[in-house]
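K.L.:
Below are the sequence and a predicted model for it; my questions follow.
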Amino acid sequence: MSKKQLGVIFGSRSCEREVSIISAVQLMRHADTEKYDVIPVYIDEHGGWYTGEKLKDIHSYQPFQPNQAGIVRVYLDMTSGSGALLTTERGKGLFSREEIRAVARIDVFVVVMHGMNGEDGTLQGMLELANVPYTSSGVGASALGMDKILMKQFFRGADLPVLPSVWYTMTEFQADPGRILKETEEVLGYPVYVKPAKLGSSIGVSRAENGEELREALELAFEYDRRVLVEKGLTKPVELNCSVLGYDGETTASPIEMPISGEDFLDFKEKYLAGGGSKGMASLHRVLPAPIEDDLRIRIQEMSKSIFRMMDCKGVVRIDYMFDRDSGGLYITEINVIPGSLAFYLWENAGMPYRELIDRMVELAEKAHLDKNQANYAYTSDILKGAVFGTKGSKGVKGSKG
């Protein structure tokens, strides 16, 4: 039986590009090479696409040098169902023309993107147009999961528990910072967390205990995004995370982890550097499974599966929570539609090796792709037969009563 051509796509123009590289290299090392030809597809900080065996080595990005031997610049053939990675080469001879050559033909794309221009629905939309299977959630869930402001509004509309919050644009803040500070203090009080709307990995996130810290936190967050969320903080909350794997009505929730932080919240350094950057989220200090009561565990797992279905997610996601021991309140922090390290460590704790998790993600991608292509796109009507265009433009459709 021939191997599947597995295109692992990662990187991109994002502040979280390096985290994406770590997650992708981890995945490529764990994929079953008896089942797959693993083909790295790296998008660099300028938006160039590259492939080549050297891209499986983490040292190839320190720094990335696109012109070295063994790395080929490519682009995706957008012909529906093609999946081809194409490159343009100059032919031999003085008067030769450029030639287009297929470097690979991908059967399934494993999307290992974090942040903007990859996790936010933009790449997913391109893969939908190219009509190729891919492992991440679709356009809608990806866009919603990347935008913390829209995400919170969705959760509230679904009657799910979230902490009180307000949000602002850079234009509002620059026009009248005093009003923004006063409004935030009146609505939320202190402490608060200030977060760029479309960024992950805790980049640009700050905790503020007073007006001066709030102003500084807003200024920092606006360096990364033109829209910023300010969320009410809790005193010493317990962080709890749960992953969900599935597609359509078939969902499974992972064991729950309790990340251990030396600060008030997990920042980028604690998430990715404290235990060795090459291990990504898998190096984070945590208690797994979390030492919580069964009723809270069941509540988190069921809520996580419900969110997964509501957002029509696919593959692997991770949903993060805050638990207030004093009040017993449980609050959704966010959903990560492409979690760091693909949350493989949570599934390993459930008895599913990373290799099997990759297999399952590929199966779900192919099933979703099949479902999509079974939809009816062939509806036709007589509308074009009645269309009349004159020299001054369209005159409408003759004889139409609709």
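P.N.:
Ah, there it is.
K.L.:
quick one, strands of the stretch 51-200 of the chain?
P.N.:
72-76, 84-90, 98-105, 108-112, 165-169, 192-196 (DSSP state E, counting those that start in this stretch).
K.L.:
try the stretch 301-402 of the chain
P.N.:
314-324, 329-336, 387-390, 393-397.
K.L.:
re the thing from before, so which of the strands of the stretch 51-200 of the chain is the most surrounded?
P.N.:
Per residue and on average, the most neighbours among these fall to strand 108-112, with a mean of 27 (mean count of other Cβ atoms under 10 Å). C-beta: built from backbone N, CA, C; applies to glycine.
K.L.:
What average pLDDT does that one get?
P.N.:
For strand 108-112, the mean per-residue pLDDT is 98.
K.L.:
ditto for stretch 386-401
P.N.:
61.
K.L.:
got any ranges where this protein has weak pLDDT?
P.N.:
The chain contains residues with pLDDT under 70 at 1, 93-95, 200-201, 262-284, 391-402.
K.L.:
ok, longest helix in it?
P.N.:
If you go by DSSP state H, the chain has its longest helix at helix 354-374.
K.L.:
now the angle between strand 314-324 and that one, please.
P.N.:
120 degrees (axes from the mean of the first three to the mean of the last three Cα atoms, to 10 degrees).
K.L.:
Kindly calculate the angle that helix 354-374 makes with strand 108-112.
P.N.:
120 degrees.
K.L.:
next one: helix 354-374 to chain centre, how far?
P.N.:
17 Å (Cα atoms, centre = their mean, to the nearest Å).
K.L.:
For the closest residue to residue 184 other than its chain neighbours, name its beta-bridge partners.
P.N.:
The shortest distance from residue 184 to any non-neighbouring residue, by Cβ to Cβ, 6 or more residues apart in numbering, is to residue 230 (5.4 Å). Per DSSP bridges, the residues bridged to residue 230 are residue 166, residue 194.
K.L.:
contacting residues around the nearest residue to residue 362 once chain neighbours are set aside?
P.N.:
For residue 362, ignoring the flanking residues on the chain, the nearest one in space by Cβ to Cβ, 6+ apart is residue 108 at 5.2 Å. Residues in contact with residue 108 (Cβ atoms under 8 Å, 6 or more residues apart in numbering) are 4-7, 132-135, 362, 365-366.
K.L.:
Among those residues, which one sits closest to residue 336?
P.N.:
residue 135 (14.3 Å; Cβ to Cβ).
K.L.:
what's around the closest one, how many residues?
P.N.:
28 (other Cβ atoms under 10 Å).
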